[in-house]
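Trainee: What follows is a protein structure lacking sequence information:
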């Protein structure tokens with residue numbers, strides 16, 4: 001092809017020559033070689049071309065593209081010592097400043113340099129990573145269509161270049177990992193810059209390079225989420241003593257709250273309004289949404305289970321040990337919601353394992369069971385049989401603990417035991433109707449629990465009063481336990497015993513999956529989340545009445561349990577009711593009491609009363625309507 005070159009010194013001032021591609025490369029090689037002889041004129045002019053950036057005229061664009069292509073064909077003539085100014089100029093170039101043709105030529109040059117000599121590898125990878133984020137002047141343009149178009153053009157070329165380099169240099173992904181982690185913006189950078197950078201990290205995780213470095217990158221993203229999380233102090237979102245009124249003061253209907261006047265102190269335990277204008281909270285919200293969307297893509301690609309194992313490892317190392325993490329843990333919640341049967345149960349099992357292991361530190365065990373209790377209570381997507389199996393494990397452990405310890409109340413000595421008891425009661429505050437209406441569950445869970453609660457260690461006097469009081473109200477209404485002085489505990493106030501069991505960290509008041517206060521995240525979490533307003537306690541008069549106006553009732557959960565027991569093929573849940581020892585006459589009586597007929601229950605699980613929200617991923621299907629919880 002014929003292209004115009006700049007007027008180098010050896011050319012006459014008024015001459016313009018047309019050269020073929022090979023002649024252009026030869027000319028650039030001569031300019032590079034002239035440095036060794038002390039003649040820098042041609043070389044300096046070559047370097048000057050690299051400094052052309054914004055607002056180029058068409059002929060300047062053509063000149064820059066031509067020169068970049070010529071340099072790509074002459075990389076063997078570039079010396080890291082003699083041509084350092086040229087290399088510096090190249091590495092400082094940003095693809096965001098140029099159109100597609102120049103960006104292509106620049107990417108081609110960077111790939112050629114990287115694979116030509118190991119000395120250039122880190123510099124080339126660093127230059128590509130620097131293109132993860134646009135120059136400061138371009139950030140505002142990302143809100144406009146042409147800015148988003150440029151973003152797509154740049155990032156697609158950057159990641160294609162990574163792939164080409166990795167194909168020729170097998171160690172490149174490991175070097176890239178180090179550079180990416182070192183270049184990660186701090187939480188005080190421009191928020192859009194951090195979001196785009198993390199977006200590129202997740203793109204690396206999902207690509208071919210992710211096979212080698214994906215897990216480390218994902219863990220680094222979670223670490224950044226935690227860093228942002230801890231920057232948001234509890235004082236910024238707590239408006240009352242959060243050891244009291246756990247159920248009465250929950251933030252639930254966001255729309256109503258935002259439209260209403262500013263709540264009185266104590267009206268809500270958590271305040272979304274207090275986070276308004278908090279730049280750290282907004283940044284965390286954006287990054288969590290980005291992570292949720294990445295998990296959705298992983299689920300569509302069939303690799304969520306693999307990614308989840310990395311998230312689980314990161315959770316154990318980072319999130320679980322963070323002091324009362326506020327929002328970052330919802331990454332785990334959302335991943336579990338995308339795959340309840342596998343990821344959902346895996347998460348619950350790991351938490352239960354951590355709790356029962358004597359080798360684990362006490363704070364770790366207490367935190368794990370707090371996560372488990374909150375998760376089992378709030379996850380709408382969990383099957384009733386899954387919840388019961390986890391509760392049974394907790395009840396069995398607490399019963400064994402009681403049998404091994406015959407002492408009196410000692411909150412400090414038995415912190416783990418009391419945390420387990422509180423977890424059981426907390427879950428039952430949300431789920432009790434399911435268990436009192438299914439005979440086998442009542443015999444396996446609630447009868448042994450009565451022995452635990454009546455033990456000399458007396459967890460009712462030590463656990464968080466608001467949890468104990470709500471639990472006892474429901475237990476009394478359901479005629480769950482034999483009435484005795486042990487269970488007469490009305491008008492509870494927080495005591496020194498309950499404060500002592502929680503310790504300085506007040507882990508007794510930690511319910512990690514309380515409603516998410518981050519507005520964008522809430523749109524993802526809400527469809528699969530159980531709010532307290534959705535729960536109909538056993539003392540609710542509506543329990544014995546006909547279905548509500550919308551036709552929903554708590555019978556849904558009972559029928560779900562029946563359906564699940566017919567389908568589950570593992571362990572005892574794969575057995576028939578006869579094999580499980582269920583008294584069918586008693587069960588039929590319970591169903592008749594609740595006006596459930598076989599015809600009415602045949603299509604109960606997906607009965608059409610719950611309209612799937614637009615944000616719900618394809619595989620998330622709540623097993624019950626919100627009203628029935």
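Mentor: Sure thing, it's come through. The structure displayed is predicted, hence computed values, not measured ones.

Trainee: any weak-confidence spans in the stretch 101-250 of the chain?
Mentor: Filtered on pLDDT under 70, the stretch 101-250 of the chain yields the residue ranges 190, 233-250.

Trainee: Can you show me the helices along it?
Mentor: 121-130, 145-168, 172-182, 191-206, 210-231 (DSSP state H, counting those that start in this stretch).

Trainee: Those into CSV, with extra columns for mean neighbour count and distance to residue 379?
Mentor: To be clear about C-beta, it is placed using only N, CA and C from the backbone, and glycine gets the same treatment. Shown next, in CSV, are the helices of the stretch 101-250 of the chain (neighbours: other CB atoms under 10 Å; distance: least, CB to CB, whole Å):
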stretch, mean neighbour count, distance to residue 379
helix 121-130, 21, 38
helix 145-168, 16, 35
helix 172-182, 18, 32
helix 191-206, 20, 24
helix 210-231, 20, 20
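
Trainee: Using JSON lines, please lay out those helices together with distance to residue 509.
Mentor: Listed next are the helices of the stretch 101-250 of the chain as JSON lines, based on distance: least, CB to CB, whole Å:
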{"stretch": "helix 121-130", "distance to residue 509": "43"}
{"stretch": "helix 145-168", "distance to residue 509": "44"}
{"stretch": "helix 172-182", "distance to residue 509": "35"}
{"stretch": "helix 191-206", "distance to residue 509": "31"}
{"stretch": "helix 210-231", "distance to residue 509": "18"}
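
Trainee: show me what contacts residue 112?
Mentor: Neighbouring residues of residue 112 by CB atoms under 8 Å, 6 or more residues apart in numbering: 72-73, 75.

Trainee: Could you rerun that using 7 Å?
Mentor: 72, 75 (CB atoms under 7 Å, 6 or more residues apart in numbering).

Trainee: where do the strands sit along this structure?
Mentor: Applying DSSP state E to the chain gives strands spanning 3-4, 18-19.

Trainee: Worst mean pLDDT among those?
Mentor: Ranked on mean pLDDT, the bottom entry among those is strand 3-4, at a mean of 41.

Trainee: pretty sure residue 229 is touching residue 330, no?
Mentor: No: Residue 229 is beyond contact range of residue 330, at 10.2 Å (criterion: CB atoms under 7 Å).

Trainee: Low-confidence regions, the chain specifically.
Mentor: 1-21, 53-54, 190, 233-277, 482-508, 541-629.

Trainee: most centrally placed residue in it?
Mentor: residue 331 (1.7 Å; CA atoms, centre = their mean).

Trainee: Please report the distance of the nearest residue to that residue once chain neighbours are set aside from residue 110.
Mentor: Using CB to CB, 6 or more residues apart in numbering and skipping residues adjacent in sequence, the residue nearest residue 331 is residue 291, 5.5 Å away. Using CB to CB, to the nearest Å, we find residue 291 at a distance of 29 Å from residue 110.

Trainee: The helices of the stretch 101-250 of the chain: which one's closest to residue 279?
Mentor: helix 191-206 (6.6 Å; CB to CB).

Trainee: number of nearby residues for residue 373?
Mentor: 31 (other CB atoms under 10 Å).

Trainee: can you pull the contacts of it?
Mentor: Taking CB under 7 Å, 6+ apart, one finds 423, 426-427 in contact with residue 373.

Trainee: Out of those residues, which sit inside helices?
Mentor: Judged by DSSP state H, the subset of those located in helices is 423, 426-427.

Trainee: which of the residues you listed lies closest to residue 83?
Mentor: residue 423 (65.7 Å).

Trainee: Report the spatially closest residue to that closest one, excluding sequence-adjacent ones.
Mentor: Per CB to CB, 6+ apart, closest to residue 423 is residue 373, 3.5 Å.

Trainee: distance of that neighbour from residue 379?
Mentor: 11 Å.

Trainee: got JSON lines for the ones in helices among the contacts of residue 373, with neighbour count and distance to residue 341 too?
Mentor: As requested, the ones in helices among the contacts of residue 373 are arranged in JSON lines below (neighbours: other CB atoms under 10 Å; distance: CB to CB, whole Å):
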{"residue": "423", "neighbour count": "30", "distance to residue 341": "23"}
{"residue": "426", "neighbour count": "27", "distance to residue 341": "24"}
{"residue": "427", "neighbour count": "24", "distance to residue 341": "20"}
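
Trainee: what's the closest of these to residue 318?
Mentor: residue 423 (22.0 Å).

Trainee: Looks like the closest one contacts residue 369 (just checking).
Mentor: Yes: under the criterion of CB under 7 Å, residue 423 is in contact with residue 369, at a separation of 4.5 Å.

Trainee: and residue 409, how many neighbours?
Mentor: When counting by other CB under 10 Å, one arrives at 17 neighbours for residue 409.

Trainee: Kindly list the main-chain dihedrals of the residue nearest to it when sequence neighbours are not counted?
Mentor: Leaving aside its chain neighbours, residue 409 sits nearest to residue 458 (5.3 Å; criterion: CB to CB, 6+ apart). Residue 458 has phi and psi values of phi 50, psi 70 when expressed as degrees, to the nearest 10.

Trainee: Neighbours of residue 458, how many?
Mentor: Residue 458, neighbours per other CB under 10 Å, totals 16.

Trainee: Relative to residue 473, how far out is it?
Mentor: 19 Å.

Trainee: Repeat that for residue 520.
Mentor: 36 Å.

Trainee: now residue 85
Mentor: 78 Å.

Trainee: cool, and residue 359?
Mentor: In terms of CB to CB, residue 359 sits 37 Å off from residue 473.

Trainee: Please say which of those two ends up with more neighbours.
Mentor: Between residue 359 and residue 473, counted using other CB under 10 Å, residue 473 has the larger neighbour count: 16 against 6.

Trainee: Wait, that one touches residue 480, no?
Mentor: No: with contact defined as CB under 7 Å, residue 473 does not reach residue 480; the gap is 10.8 Å.

Trainee: Touching stretch 446-463 from outside, list them.
Mentor: Contacts for stretch 446-463 (CB under 7 Å, 6+ apart): 395, 398-399, 402, 405-409, 411, 414, 417-418, 421-422, 424-425, 435, 468, 480-481, 486, 489, 497-498, 501.

Trainee: So what would you say the end-to-end distance of it is?
Mentor: In stretch 446-463, first residue to last residue: 18 Å (CA to CA, to the nearest Å).
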